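**Q** with the sequence up front, the predicted model follows.
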Amino acid sequence: MKVRTRFAPSPTGKMHVGNLRTAVFGYLISKKHQGDYILRIEDTDQERKVEGALELIYDTLKLCQMTVDEGPLVGGSYGPYIQSERLSIYPKYAKQLVDQGDAYYCFCDENRLVGLRKEAENNKVPFLYDGFCRHLSKEEAEKRIATGEKPVIRQKVPKEGTVVYDDLVYGKMTFQNNLLEDQILMKSNGYPTYNFANVIDDHLMKITHVVRGNEYLTATPKYNLLYEKLGFEKPIYIHLPMVVDEKGKRLGKRHGSVSFMELYQQGYLPEAIVNYLVLLGWKPESTQEIFSLSELISEFDPKRINKAPAKYDIKKLQWVNAHYIKKLSLEDLFAITYPHLEKEYGKLDKKWTMHLVKIFQKHLSYGAGIVGLTRIFFHESYEIEKEALEFLENNDKSADVINLFWEKILKLDKWEVNEIVNVINEVGKALNVKGKDLFMSIRIAVSGGMHGPELPDTIYLLGKEKINENIKKVI
Ligand code: GLU
């Protein structure tokens with residue numbers, strides 16, 4: 001049988017990294033087996049729908065190069081792929097369950113349910129619908145519907161026994177039926193709930209592996225009961241461990257800062273984000289950590305997914321991202337850094353900026369990080385660092401080196417890196433100084449600090465005028 005996985009997001013806001021990781025794992029599983037990857041939009045909860053969320057989903061998958069074989073934009077044989085466009089499909093199955101006695105109409109109004117919820121809260125027990133309408137006869141229910149009442153349809157979960165299922169990550173899962181709620185399958189407005197639609201759609205779309213967050217582990221027994229009652233074959237379940245923040249809290253849409261788009265806009269590369277996310281909760285057999293998408297496809301084995309919550313660690317993401325940044329062409333490097341520089345410092349000359357970002361390429365862990373690394377090239381004034389000042393005070397050659405360098409550099413006509421190198425060498429030769437005595441003295445004089453990119457590049461980028469200004473501060 002052809003492997004078919006699906007990513008089934010709800011368009012309720014930004015795509016956070018936990019969500020994207022689910023998308024990636026599903027993609028890898030299908031592609032590892034030359035299978036199909038399906039995008040299904042789960043928008044049955046219309047109230048939670050957010051404008052623009054759909055486009056964010058499409059754009060994210062595209063940027064991450066996870067090509068969808070079937071979905072709202074590309075179509076496919078099992079469409080439509082947006083649940084709100086499939087509303088005519090679900091009632092038939094709900095009706096079948098009602099007719100079989102595996103579901104029932106429920107007329108309990110919101111007031112009654114609010115009361116039940118309060119009661120559960122007071123008794124400190126989880127809320128479970130009490131089955132008030134469970135025993136209404138079909139005739140009674142139909143009579144009430146004929147008079148205009150609008151019921152929901154609830155699943156009739158057996159009160160005895162257990163449901164057992166296997167999850168590829170969590171192993172054997174056992175649940176007692178009496179703790180499972182008679183969940184709503186169809187709402188009174190004609191929409192299915194997610195809990196119902198996911199079962200129907202996974203079946204109709206011939207999904208073989210259901211890959212989703214572990215928050216669905218406890219609802220899955222109810223889905224399995226539905227599969228059985230409807231005579232559908234169950235899929236293989238792969239529930240993924242939570243992604244948590246540094247405090248151990250589940251990452252969610254509330255954590256706006258960890259949405260894919262925000263990371264992307266900060267100059268994290270989609271390939272690096274995908275690479276990092278796969279390492280969140282999954283371990284390859286080797287110690288390799290940097291993987292291209294095609295390497296991931298061949299290496300990925302869902303059996304190596306760890307059950308423990310996976311901690312989202314921005315430092316590790318930066319480390320992975322830095323690897324990818326080092327391989328960027330100059331044009332691409334410019335593209336992910338320039339907008340941040342321009343935002344901070346205004347319009348900049350392209351040739352000069354290219355030189356700037358090139359020398360920082362190996363130090364950069366994300367695009368926006370360029371701003372912090374390059375401040376000395378923009379700030380009008382700078383403070384000489386304490387350790388730099390101490391160096392100058394304790395070095396008897398510094399004053400001569402700086403003075404001669406100053407004299408020579410102001411006379412330099414051709415402002416090019418190799419010319420600047422010549423000036424530095426001439427100073428060294430003339431005064432018979434080399435190493436730190438030469439380079440550090442000049443570096444401090446021009447930049448105020450003891451660290452930074454290559455000295456000739458630093459001088460070139462600072463420009464003659466700024467160097468002149470800066471040297472005046474130390475002499
Ligand atoms: N629409 C669900 C969500 O966004 C997907 C759950 C599933 O994959 O079955 O959480």
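**A** Sure thing, it's come through.

**Q** name the nearest residue to L269, ignoring sequence neighbours.
**A** Among residues not flanking L269 along the chain, Y324 sits closest, at 4.7 Å (Cβ to Cβ, 6 or more residues apart in numbering). C-beta: built from backbone N, CA, C; applies to glycine.

**Q** neighbours of that neighbour, just the number please.
**A** Residues near Y324, counting by other Cβ atoms under 10 Å, number 19.

**Q** residues contacting it?
**A** L269, E271, A272, N275 (Cβ atoms under 8 Å, 6 or more residues apart in numbering).

**Q** now it: how far from Q288?
**A** Noted for Y324: a distance of 15 Å to Q288, by Cβ to Cβ, to the nearest Å.

**Q** what does the stretch 1-150 of the chain have sitting close to the ligand?
**A** Contact residues, the stretch 1-150 of the chain versus the ligand (Cβ under 6 Å from any ligand atom): A8, P9, S10, E42.

**Q** quick one: which of those residues is nearest R48?
**A** In terms of Cβ to Cβ, no member of those lies closer to R48 than S10, at 6.8 Å.

**Q** what is the neighbour count of the closest one?
**A** Here the neighbour count serves as a burial measure; for S10 (other Cβ under 10 Å) it reads 19.

**Q** any idea whether it is helix, strand or coil?
**A** coil (DSSP: H, G, I helix; E, B strand; the rest coil).

**Q** which ones are touching the nearest residue to it once chain neighbours are set aside?
**A** Distances taken as Cβ to Cβ, 6+ apart put E42 closest to S10, at 4.7 Å, once the chain neighbours are dropped. Contact analysis of E42 by Cβ under 8 Å, 6+ apart lists A8, P9, S10, Q83, Y194, A197, N198.

**Q** just to check, the last one is in contact with L226?
**A** No: contact status for N198 versus L226: not in contact, 9.5 Å apart, counting by Cβ atoms under 8 Å.

**Q** once you drop chain neighbours, what's closest to F360?
**A** Nearest in space to F360, with sequence neighbours left out and distances taken as Cβ to Cβ, 6+ apart, is L373 at 5.3 Å.

**Q** any idea how far the one you found lies from the ligand?
**A** Spatial separation of L373 from the ligand under the definition Cβ to the nearest ligand atom, to the nearest Å is 38 Å.

**Q** who touches that residue in this structure?
**A** Contacts of L373 were listed using Cβ under 8 Å, 6+ apart, and they are F360, H363, L364.

**Q** farthest pair in the contacts of E42?
**A** Pairwise distances across those peak at 13.5 Å for P9 and A197 (criterion: Cβ to Cβ).

**Q** can you get me a residue count around F25?
**A** Applying other Cβ under 10 Å, we find 26 residues neighbouring F25.

**Q** quick check: it touching P302?
**A** Yes: the pair F25 and P302 passes the contact test of Cβ under 8 Å, sitting 7.1 Å apart.

**Q** okay if I get the contacts of E42 as TSV plus distance to I38?
**A** TSV is the format used below for the contacts of E42 (distance: Cβ to Cβ, whole Å):
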residue	distance to I38
A8	8
P9	12
S10	15
Q83	13
Y194	16
A197	14
N198	13
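
**Q** of these, closest to G75?
**A** Distance to G75 across those (Cβ to Cβ) is lowest for Q83, with 15.7 Å.

**Q** quick check, pLDDT for the closest one.
**A** Q83 is assigned a predicted lDDT (pLDDT) of 97.

**Q** quickly find the element holding whichever residue of the stretch 151-300 of the chain sits closest to the ligand.
**A** Distance from the ligand to each residue of the stretch 151-300 of the chain (Cβ to the nearest ligand atom) is smallest for R212, at 3.4 Å. Under the criterion DSSP states H and E, the helix or strand holding R212 is strand 209-213.

**Q** drop anything exposed from the contacts of E42.
**A** Using 16 or more other Cβ atoms under 10 Å as the burial test, the contacts of E42 include A8, P9, S10, Q83, Y194, A197, N198 as buried.

**Q** hey, where'd the strands end up in the protein?
**A** Counting by DSSP state E, the segments of the chain that form strands are 4-7, 36-39, 103-106, 152-155, 162-167, 171-176, 184-186, 209-213, 236-240, 243-244, 310-311.

**Q** residues of the longest helix seen in the chain that come out buried?
**A** As far as residue count goes, and with DSSP state H defining each element, the longest helix of the chain is helix 455-474. Going by neighbour count (16+ other Cβ under 10 Å), the buried part of helix 455-474 is 455-462, 466-467, 470-471, 474.

**Q** which stretches of this structure have low pLDDT?
**A** Along the chain, the parts satisfying pLDDT under 70 run over 252-257, 380-381.

**Q** may I have stretch 75-93 exported as PDB, CA atoms only?
**A** Below are the C-alpha coordinates for stretch 75-93, written out as PDB (Å, rounded to 0.1, in the frame of the first residue of the first chain):
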ATOM      1  CA  GLY A  75      -5.900  19.600  -5.900                       C
ATOM      2  CA  GLY A  76      -5.900  15.800  -6.000                       C
ATOM      3  CA  SER A  77      -8.200  12.800  -6.200                       C
ATOM      4  CA  TYR A  78      -9.500  13.000  -2.700                       C
ATOM      5  CA  GLY A  79     -10.500  16.600  -2.400                       C
ATOM      6  CA  PRO A  80     -11.700  19.100  -1.500                       C
ATOM      7  CA  TYR A  81      -8.900  19.500   1.000                       C
ATOM      8  CA  ILE A  82     -10.400  22.200   3.100                       C
ATOM      9  CA  GLN A  83     -12.900  20.800   5.600                       C
ATOM     10  CA  SER A  84     -15.300  23.600   5.400                       C
ATOM     11  CA  GLU A  85     -15.700  22.700   1.700                       C
ATOM     12  CA  ARG A  86     -16.500  19.100   2.700                       C
ATOM     13  CA  LEU A  87     -19.600  19.800   4.800                       C
ATOM     14  CA  SER A  88     -21.800  17.600   2.600                       C
ATOM     15  CA  ILE A  89     -19.700  14.500   3.400                       C
ATOM     16  CA  TYR A  90     -19.900  14.200   7.200                       C
ATOM     17  CA  PRO A  91     -23.700  14.000   8.000                       C
ATOM     18  CA  LYS A  92     -24.000  10.700   6.100                       C
ATOM     19  CA  TYR A  93     -21.500   9.000   8.500                       C
END
